[in-house]
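Visitor: the sequence and its predicted three-dimensional model are supplied below.
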Amino acid sequence: MDYPPKAHSRLDDEQVSQIVINHPFAHLFCHTSHGLRVTRVPFAFDFSDGKLSSVRAHINAVNPQACDLDGSEVLVAFSGPNTYVSPNWRSSKDRAATWDYQAVHVWGRARVRRDRAFFDRLINDLAQSAEAKHASLCPGENWSMEDAPPEYVSKLFPHVLSFEVFVDRVEAISKLHQDYSKLDRKTISGHLLQSDKQESQQIGLLMHSQTS
């Protein structure tokens, strides 16, 4: 039995890239001496030939994951848009309600990086992405590491642990009612596009684009 079902895992490299870029705040899972742990942190990305090749982030140095992170296999889970789907929106109510969503799961080995150059690049990349998305809230130039007082950065640096994860495997999931009729998908997308919830609208747009 295939999982995810083949109908739900037809995302190309460009679609995978867009999900992780648009939803960089992800869950970092790994086994530690304290058991299985998870931390949610923003990630920066590197690509090679259009494919996701590595992801970068930092955690608090006292986080239990920090002790065992170097060389460990980790899972980074990026959650894309998601929404509830009611049976009332289909042509028949004989199947249960469900949740449609997109996600990208990345497996790889973590490598701890203790050099300032890596840290500075990481913070700048994280800031550049986030500042651009929220530029309308604050007119003027985007914030960067150059705006932070050097003494503050020097004081902060020993208390964080920077790392990169080299991608070994990617699992991409796009569950958009592909196993239902085209009529049902059109009806569902129509309801979602009327929602006041942004993520429901996003799923509605994705579903609509695949049934037009």
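Guide: Yes, it's here. Residues are numbered from 1 along each chain as shown.
Visitor: in this protein, which helix is the longest?
Guide: Counting by DSSP state H, the longest helix found in the chain is helix 116-133.
Visitor: which helices and strands does that helix pack with?
Guide: strand 44-48, strand 51-60, strand 160-175 (3 or more C-beta pairs under 8 Å, 6 or more residues apart in numbering; DSSP states H and E). Backbone N, C-alpha and C define where each C-beta goes, glycine included.
Visitor: hmm, who's touching the first one?
Guide: By C-beta atoms under 8 Å, 6 or more residues apart in numbering, the residues outside strand 44-48 that reach it are 17, 20-21, 24, 52-57, 122, 125-126, 129.
Visitor: and for stretch 2-14?
Guide: Under the contact criterion C-beta under 8 Å, 6+ apart, stretch 2-14 has outside partners 19, 50-52, 102, 104, 171-176, 178-179.
Visitor: just the buried members of the residues you listed?
Guide: With burial judged by 16 or more other C-beta atoms under 10 Å, the buried subset of the contacts of stretch 2-14 is 19, 52, 102, 104, 171-176, 178.
Visitor: what residue lies at the spatial centre of the protein?
Guide: Nearest residue to the geometric centre of the chain (C-alpha atoms, centre = their mean): F78, 2.6 Å.
Visitor: name the helices or strands packed onto whatever helix or strand that one lives in?
Guide: In this structure, F78 sits in strand 73-85 according to DSSP states H and E. The contact analysis (3+ C-beta pairs under 8 Å, 6+ apart) places strand 73-85 against helix 13-22, strand 25-32, strand 98-113, helix 182-193, helix 198-209.
Visitor: export the ones you listed as JSON lines, with columns for mean pLDDT and distance to Y3.
Guide: Shown next, in JSON lines, are the helices and strands packed on strand 73-85 (pLDDT from 0 to 100; distance: least, C-beta to C-beta, whole Å):
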{"stretch": "helix 13-22", "mean pLDDT": "94", "distance to Y3": "18"}
{"stretch": "strand 25-32", "mean pLDDT": "97", "distance to Y3": "18"}
{"stretch": "strand 98-113", "mean pLDDT": "97", "distance to Y3": "12"}
{"stretch": "helix 182-193", "mean pLDDT": "96", "distance to Y3": "22"}
{"stretch": "helix 198-209", "mean pLDDT": "95", "distance to Y3": "21"}
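Visitor: S92 is nearest to which of these?
Guide: For S92, the closest of the helices and strands packed on strand 73-85 is helix 182-193, at 8.2 Å, according to C-beta to C-beta.
Visitor: put the alpha carbons of the closest one into PDB.
Guide: Extracted in PDB, the C-alpha atoms of helix 182-193 (Å, rounded to 0.1, in the frame of the first residue of the first chain):
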ATOM      1  CA  LYS A 182     -14.600  16.700 -11.000                       C
ATOM      2  CA  LEU A 183     -18.100  17.900 -10.100                       C
ATOM      3  CA  ASP A 184     -17.400  17.500  -6.400                       C
ATOM      4  CA  ARG A 185     -14.100  19.200  -6.600                       C
ATOM      5  CA  LYS A 186     -15.700  22.200  -8.400                       C
ATOM      6  CA  THR A 187     -18.400  22.400  -5.800                       C
ATOM      7  CA  ILE A 188     -15.900  22.200  -2.900                       C
ATOM      8  CA  SER A 189     -13.600  24.800  -4.400                       C
ATOM      9  CA  GLY A 190     -16.600  27.100  -4.900                       C
ATOM     10  CA  HIS A 191     -17.400  26.800  -1.200                       C
ATOM     11  CA  LEU A 192     -13.800  27.300  -0.100                       C
ATOM     12  CA  LEU A 193     -13.400  30.400  -2.300                       C
END
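Visitor: perfect, I'm done here.
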